[in-house]
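Undergrad: Below is the structure, and that's it, no one-letter string:
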């Protein structure tokens, strides 16, 4: 009986969490324009969605910014993680604190501070500023994905490669990089997902004529309800769901492997962007 | 060149963030020698190994290899290979590729590589494991892969950093034996780091006992065991009774309130010394037959012999004997003059 | 220190794009542009403390506190249930909490717009079961609802993760020592779960305090919350000095609340010792 009540309670929360999404998805197939009644099944809104130049353009912008910023952030972030891993003492503490600033800073502050900077530097707002902003908030998440992998490495691995005759670059490319690849890929996917999901920072750092999907959604939603938005929501929900499943399957494989190696190192849980702030409760307490 | 000195450390110091890890070490390693660096953790033995391997640069002094200074040559240009403590195998490569790693860097052709790796796998008894993932191997097997991966490059010196520490006792014994055989068979110089004195005694041609960044004694295992230079070496190599004594004159020493004959000399008159007596060198006799009399405080049977604690002259003596005396028994203790080892007092930091 | 060199580009990047911009905010907050140059001033902060803006601040804090409290009271039992043995497939249940978080939060908020409007789904549903209609859209209630909806998983997951790590042996020991379920909960589980509660509160309170989207979409009107105020100053009014000052006040509010919570945590931990 207790168990039944407990389950019901959790199911009610699930209902609360999923009902709006379910309603949105079903409305995206609703022929009737008014949300009150069911007018039969239709794909009309999807057709209109794909014919909407503004939406399609913002989709391309989102993908372009997402892919480019994720790639750049992954390169800078992976290199940074290696440097951080090799550093000690105050140097390490300083860089780690720097890494946590954008993770913990309210997004709106990150957004306006970058906006001020770009105005200050007289940059034209548009693709470039958007890209710079996205790279900036993505790098820390790449670092936080790669660092645990580095910590799992045998500390002599790099030296072993050198010992066998590998020059530093060869040792990095053939030994270190392949060993930390799972973390790098996770970081890349995480960065891409965060980038396509971002609204607040993009909102402050984009220029006229350049809009990401989130920005388009915001301006459309501000004008009221739009059946095309329902269709868009459905597609984005499914897309994110797929990405999430891929990332989680990867992570589960990783964990299995880590467990096999009897390694209790914490891997970054992909619970969400906020989870990164949760990684290190001790750090939070220091603040 | 009579000595065939292959590696020579000349006045080598290493300082990490202000703390010295090595203090002006002088050490040479002969060709084809099995040299063991033995000492407790933090004694500088691993630092010494890493300096020879090229992973660290000496703060002062130089490292000569075949007479040439290699102090600043990076590890990938040294004819030295290392077996790391936790093996440091490349887990994204299979057994074959791990062993072939060094050969591929030298751009050898596939046929040569295959032949050489095959020979190595044979040497370490892992033929047939070529395509296995290294993660799927047991600790002992991973160890063999690490050894093969290093040896396939035909180094002039093989450095081994506590390679057996992670193995269980039985496997460790086996590997000790195998390593020693390999070294003899291949005629390669081995520099072996361990904190296990039994391991050191059973495998080495030469042992360097280290403490606090200094070499306490270098010698054959027999020398080190039988003639430890100071109380630290004596205490670290095997179990010992170490007591305070005073040298009356050459070959006469006083300890535990009695004066004994011994075989050492060259000390100052009435100089305080450390007296070291191995537990197996103490003979238990009737109380009236010996100068030193005591009471048995505890007896433990440990297989080959009894381990007893005998209290005499206010000191607890560790005694190994095949004959048991019951707890509380009054006994006399005899030690032959040649088994009384006299050592200069050294102050330990 | 050549092995730390790979982090140089990152250091340079973060200095330019994180550290410098934060200093720019401080710079703008403390200066004003006069016709003859830039002058140091506290005027921006004085303006923040005018009644009309204090009202916005107060309202932001109030709504954030209410939302956080609702999340805590709804979320804690859920986390407790999940950490118990009511579900056999725990990972699936957790995944179900995670998935909505990954949906774009604009769309999640937009969904409530559809649900709450006058002829929307909720009212249709209420009408069908004979209840009066609910017109909360564009009120504080809708904003709180939107916040709770968006941030609830951020409360549940950290609490769950701490609860699930509590050693079963501790609970058995408590029972063994004669504690009944209530006492075990109050004296053992609750204190042990505090770190999770603290991090949950932080993770809900901070975005709730700083959001401008939820209030804009579900709250209607103009200067509803601090977030909107800041947005307006930067994007509409163009008064960066004032906008920066409000941002700094907001950051200080967050730092204070974090400090207060870590104080509570320490205090509680101390108490849990006896």
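TA: Arrived safely. If you're wondering where the values come from, they're calculated on a predicted model, not measured in any experiment.

Undergrad: list the contacts for the closest residue to residue B:199 other than its chain neighbours?
TA: Of all residues not flanking residue B:199 in the chain, residue B:176 sits nearest, at 6.0 Å (Cβ to Cβ, 6 or more residues apart in numbering or on different chains). Where C-beta positions appear, they are placed from N, C-alpha and C, glycine not excepted. Residue B:176 is in contact with B:164, B:199, B:202, B:203, counting by Cβ atoms under 8 Å, 6 or more residues apart in numbering or on different chains.

Undergrad: can you pick the most crowded of those?
TA: Neighbour counts for the contacts of residue B:176 peak at residue B:164, which has 25 neighbours (criterion: other Cβ atoms under 10 Å in any protein chain shown).

Undergrad: distance of the residue nearest the centre of chain A from residue B:215?
TA: Central residue of chain A (Cα atoms, centre = their mean): residue A:194, 2.3 Å from the mean position. Distance from residue A:194 to residue B:215, counting by Cβ to Cβ, to the nearest Å: 56 Å.

Undergrad: List the pairing partners of the helix or strand hosting residue B:296 within its sheet, with orientation.
TA: Per DSSP states H and E, residue B:296 falls inside strand B:292-301. According to DSSP bridges, strand B:292-301 forms sheet pairs with strand B:306-312 (antiparallel), strand B:330-334 (antiparallel).

Undergrad: could the ones you listed go into CSV alongside mean pLDDT and mean neighbour count?
TA: Listed next are the strands paired with strand B:292-301 as CSV, based on pLDDT from 0 to 100; neighbours: other Cβ atoms under 10 Å in any protein chain shown:
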stretch, mean pLDDT, mean neighbour count
strand B:306-312, 89, 20
strand B:330-334, 89, 18
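
Undergrad: which stretches of the chain have low pLDDT?
TA: Going with chain A. Judged by pLDDT under 70, chain A has its weakly predicted residues at A:34-36, A:254-287.

Undergrad: My question was about chain C, not that one.
TA: For chain C, the ranges with pLDDT under 70 are C:1-2, C:221-223, C:265-274.

Undergrad: Where do the helices of it begin and end?
TA: Along chain C, counting by DSSP state H, helices occupy C:8-14, C:20-30, C:43-48, C:51-83, C:90-101, C:105-116, C:121-128, C:140-163, C:168-176, C:181-184, C:190-210, C:213-219, C:226-232, C:240-272.

Undergrad: could you redo the ones you listed as CSV and give each row mean neighbour count and distance to residue A:38?
TA: Shown next, in CSV, are these (neighbours: other Cβ atoms under 10 Å in any protein chain shown; distance: least, Cβ to Cβ, whole Å):
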stretch, mean neighbour count, distance to residue A:38
helix C:8-14, 18, 52
helix C:20-30, 19, 50
helix C:43-48, 16, 50
helix C:51-83, 19, 31
helix C:90-101, 17, 24
helix C:105-116, 24, 14
helix C:121-128, 16, 11
helix C:140-163, 25, 24
helix C:168-176, 12, 50
helix C:181-184, 12, 48
helix C:190-210, 24, 35
helix C:213-219, 25, 25
helix C:226-232, 24, 36
helix C:240-272, 17, 45
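
Undergrad: Include distance to chain A when you put the ones you listed into JSON lines, please.
TA: Listed next are these as JSON lines, based on distance: least, Cβ to the nearest Cβ, whole Å:
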{"stretch": "helix C:8-14", "distance to chain A": "3"}
{"stretch": "helix C:20-30", "distance to chain A": "3"}
{"stretch": "helix C:43-48", "distance to chain A": "14"}
{"stretch": "helix C:51-83", "distance to chain A": "4"}
{"stretch": "helix C:90-101", "distance to chain A": "4"}
{"stretch": "helix C:105-116", "distance to chain A": "4"}
{"stretch": "helix C:121-128", "distance to chain A": "5"}
{"stretch": "helix C:140-163", "distance to chain A": "5"}
{"stretch": "helix C:168-176", "distance to chain A": "16"}
{"stretch": "helix C:181-184", "distance to chain A": "11"}
{"stretch": "helix C:190-210", "distance to chain A": "4"}
{"stretch": "helix C:213-219", "distance to chain A": "6"}
{"stretch": "helix C:226-232", "distance to chain A": "6"}
{"stretch": "helix C:240-272", "distance to chain A": "5"}
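
Undergrad: re the thing from before, what sits up against the strand holding residue B:296?
TA: Here strand B:292-301 has contacts from B:256, B:258, B:287, B:306-313, B:316-317, B:324-335, using Cβ under 8 Å, 6+ apart.

Undergrad: about what we covered before: and the residue nearest to the centre of chain A, that's in a helix?
TA: Yes - counting by DSSP: H, G, I helix; E, B strand; the rest coil, residue A:194 falls inside a helix.

Undergrad: In contact with residue 85, which residues?
TA: In the absence of a named chain, this looks at chain A. Shown in contact with residue A:85 (Cβ under 8 Å, 6+ apart): A:147, A:150, A:151.

Undergrad: Let me rephrase: I mean chain C.
TA: Counted by Cβ under 8 Å, 6+ apart, residue C:85 has contacts residue A:3.

Undergrad: Now it: phi and psi?
TA: Note on residue C:85: its backbone torsions stand at phi -120, psi 30 [degrees, to the nearest 10].

Undergrad: again, but for the one 3 residues further on
TA: Summarising the backbone geometry of residue C:88 under the convention degrees, to the nearest 10, its torsions are phi -90, psi -30.

Undergrad: Give the burial count for it, as a bare number.
TA: 7.

Undergrad: Same check on residue B:187?
TA: Residue B:187: 8 surrounding residues under other Cβ under 10 Å.

Undergrad: My guess is residue B:179 contacts residue B:190. True?
TA: Yes - assessed by Cβ atoms under 8 Å, residue B:179 is found in contact with residue B:190 at 7.5 Å.

Undergrad: farthest residue from the center of the chain?
TA: Answering for chain A, as no chain was given. Largest separation from the mean C-alpha position in chain A: residue A:1, at 40.8 Å (Cα atoms, centre = their mean).

Undergrad: ah, I was thinking of chain C
TA: Distance to the chain centre peaks in chain C at residue C:36, reaching 42.3 Å (criterion: Cα atoms, centre = their mean).

Undergrad: what's the offset of stretch A:139-155 from the middle of its chain?
TA: 16 Å (Cα atoms, centre = their mean, to the nearest Å).

Undergrad: circling back to that earlier point, now the strands paired with strand B:292-301 in TSV, with distance to residue C:225?
TA: Output for the strands paired with strand B:292-301, formatted as TSV (distance: least, Cβ to Cβ, whole Å):
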stretch	distance to residue C:225
strand B:306-312	78
strand B:330-334	89
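
Undergrad: Tell me which of those strands sits nearest to residue B:85.
TA: strand B:306-312 (31.7 Å; Cβ to Cβ).

Undergrad: For the closest residue to residue A:80 other than its chain neighbours, list the residues it contacts.
TA: Spatial nearest neighbour of residue A:80, excluding adjacent residues (Cβ to Cβ, 6+ apart): residue C:10 at 3.4 Å. With contacts defined as Cβ under 8 Å, 6+ apart, residue C:10 is in contact with A:76, A:77, A:79, A:80, A:83, A:95, A:139, A:143.
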